[in-house]
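**Q** what's the 3D shape of this:
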Amino acid sequence: MTFKKHLLFVTAILAVSAFTPPAMADGDGEIKYRKSVMSSIGGHMGSMAAILKGASANGANFAVHTQGMAELSKIAGSIFPEGSDFGETEALPAIWEKPADFAGAVKMFQGAAANLNTAAMSGDMAASGAAFGELGKACKNCHENFREKKKQ
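**A** Modelled structure (predicted):
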């Protein structure tokens, strides 16, 4: 191969790789991202619980948390890509082995989060409390079926 052909070949490879997004940066990065999203979800749950129990004087922020939860629920299914089922993760293989079941659990979570947000936006705290309970059930459903039990 002549130098000119070699240079053209290398340039073509670099050009293609520069403009081709990686399918997945790396499994560890995906797990870190997933944990951060789940931590955000947990943060909203804790804040909403404190408000509903009257343990926080930040009731005016309740709808902010329900909106955040509703938005995060929209990406919940996408934070478990193929290849992120190893390493330090509590995600069970069932997520990838039973994708239809997992998708159903995510859909349940999304519906419950949307219902809670609707209740919160109406200003009806009694309805919000009931909807929060349903959201908790959706979270529990997924955690019982698709998350490794926490070690004591």
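
**Q** can you pull the contacts of Asn117?
**A** 63, 66-67, 69-70 (C-beta atoms under 8 Å, 6 or more residues apart in numbering). Backbone N, C-alpha and C define where each C-beta goes, glycine included.

**Q** how does it look with 7 Å?
**A** Neighbouring residues of Asn117 by C-beta atoms under 7 Å, 6 or more residues apart in numbering: 66-67, 70.

**Q** Let me know the helix or strand that it is in.
**A** Following DSSP states H and E, one finds Asn117 within helix 99-122.

**Q** Just after that helix, pick out the following helix or strand.
**A** Next along from helix 99-122, by DSSP H and E: helix 125-146.

**Q** one step back: ok, so of the contacts of Asn117, who is nearest Met108?
**A** Among these, Ala70 lies closest to Met108 (C-beta to C-beta), at 13.8 Å.

**Q** Thought Asn115 was touching the closest one, still the case?
**A** No. Checked against C-beta atoms under 7 Å, the pair Ala70 and Asn115 is beyond contact range at 9.1 Å.
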